[in-house]
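Undergrad: Let me see the structure of the following:
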Amino acid sequence: MSKRYKSLLEKIDNTKAYTVAEASASMKDLKSAKFDETIEIAMNLNVDPRHADQMVRGAIVLPNGTGKTVRVAVFAKGVKADEAKAAGADIVGTDDLVADIKEGIFNFDVVVAAPDCMGLVGQIGRILGPKGLMPNPKTGTVTPDVATAVKNVKGGQVAFRVDKKGNIHAGIGKASFDIDKIAENITAFVSAINKQKPASAKGRYIKNAALSLTMSPAIKFDLSELADIK
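TA: The predicted model follows:
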């Protein structure tokens, strides 16, 4: 363990459950890297994703964005292609985009698709799926309104999905953000998670939750406060 990391650990009270406001403020104390670190939230939910009715998945446009520049590729043709370009899509295509992806060219971070292009996207599902790039209606990335989808992604949309063990991870801002903006983003993200609570999920929904920077130890959240965020 490095001296830097040890010094950061000393700034954290491991016996304490931090409120959203306290955790947000602590991100300023924990900044140590020379770059603008990402603020990362990690949650463990009391769900079993092996059951379809307990799959927690969705997307939220954070009120203050993520602080990250996102490159968007769009599968669209005709008028929809023009709309995607006008909305700021970085790449728009059909068969040519499929060919690039098959050749291993991934100069984008998110894929959006118009419904009439999903047949094309299906050809490369085995490539996009493992990379977490497969468009999905639940995350707003398969939609006839490709322009709004592009604007949402560019404007700070964060997609989330529980893994096999019920964990969710997401970047919800940057260390350079004002404290109140960090808190607003956390609240919006937790609200989105709470709204996705499956009816079949019993007991405490959020089992654990923590906040950290790219290069910092994690701070534990006050779970009772998170449960009340609607």
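Undergrad: CA atoms for contacts and neighbours, from now on please.
TA: OK.
Undergrad: if I pick residue 26, what's in contact with it?
TA: Contacts for residue 26 (C-alpha atoms under 8 Å, 6 or more residues apart in numbering) come out as none.
Undergrad: Give the burial count for residue 24, as a bare number.
TA: When neighbours are defined as other C-alpha atoms under 10 Å, residue 24 has 26 of them.
Undergrad: Report the contact partners of it.
TA: Residue 24 touches 179, 180, 182, 183, counting by C-alpha under 8 Å, 6+ apart.
Undergrad: Could you do residue 110 as well?
TA: For residue 110, the contact set (C-alpha under 8 Å, 6+ apart) comprises 70, 71, 72, 73, 133, 153.
Undergrad: Adding neighbour count and distance to residue 14, write those out as a markdown table.
TA: Shown next, in a markdown table, are the contacts of residue 110 (neighbours: other C-alpha atoms under 10 Å; distance: C-alpha to C-alpha, whole Å):
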| residue | neighbour count | distance to residue 14 |
| --- | --- | --- |
| 70 | 18 | 35 |
| 71 | 17 | 38 |
| 72 | 22 | 40 |
| 73 | 23 | 42 |
| 133 | 16 | 36 |
| 153 | 28 | 35 |
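Undergrad: three-state assignment of the residue most central in space within the chain?
TA: With distances taken as C-alpha atoms, centre = their mean, residue 158 lies nearest the centre of the chain, 3.3 Å away. Under the three-state scheme (DSSP: H, G, I helix; E, B strand; the rest coil), residue 158 adopts strand.
Undergrad: Quickly note the distance from it to residue 85.
TA: 21 Å (C-alpha to C-alpha, to the nearest Å).
Undergrad: In the chain, mark out all the helices, start to finish.
TA: For the chain, the helices defined by DSSP state H occupy 3-9, 20-29, 79-86, 95-102, 118-122, 125-128, 146-154, 179-195, 223-227.
Undergrad: Wait, residue 171 touches residue 37, no?
TA: No: no contact is recorded between residue 171 and residue 37 when judged using C-alpha atoms under 8 Å, the distance being 10.0 Å.
Undergrad: Who are the contact partners of residue 227?
TA: When the contact criterion is C-alpha under 8 Å, 6+ apart, the partners of residue 227 are 194, 205, 206.
Undergrad: picking up where we left off before, any chance of CSV for the helices of the chain, columns distance to residue 64 and mean pLDDT?
TA: As requested, those are exported to CSV (distance: least, C-alpha to C-alpha, whole Å; pLDDT from 0 to 100):
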stretch, distance to residue 64, mean pLDDT
helix 3-9, 26, 92
helix 20-29, 14, 97
helix 79-86, 23, 98
helix 95-102, 31, 97
helix 118-122, 31, 96
helix 125-128, 28, 97
helix 146-154, 12, 97
helix 179-195, 6, 98
helix 223-227, 19, 97
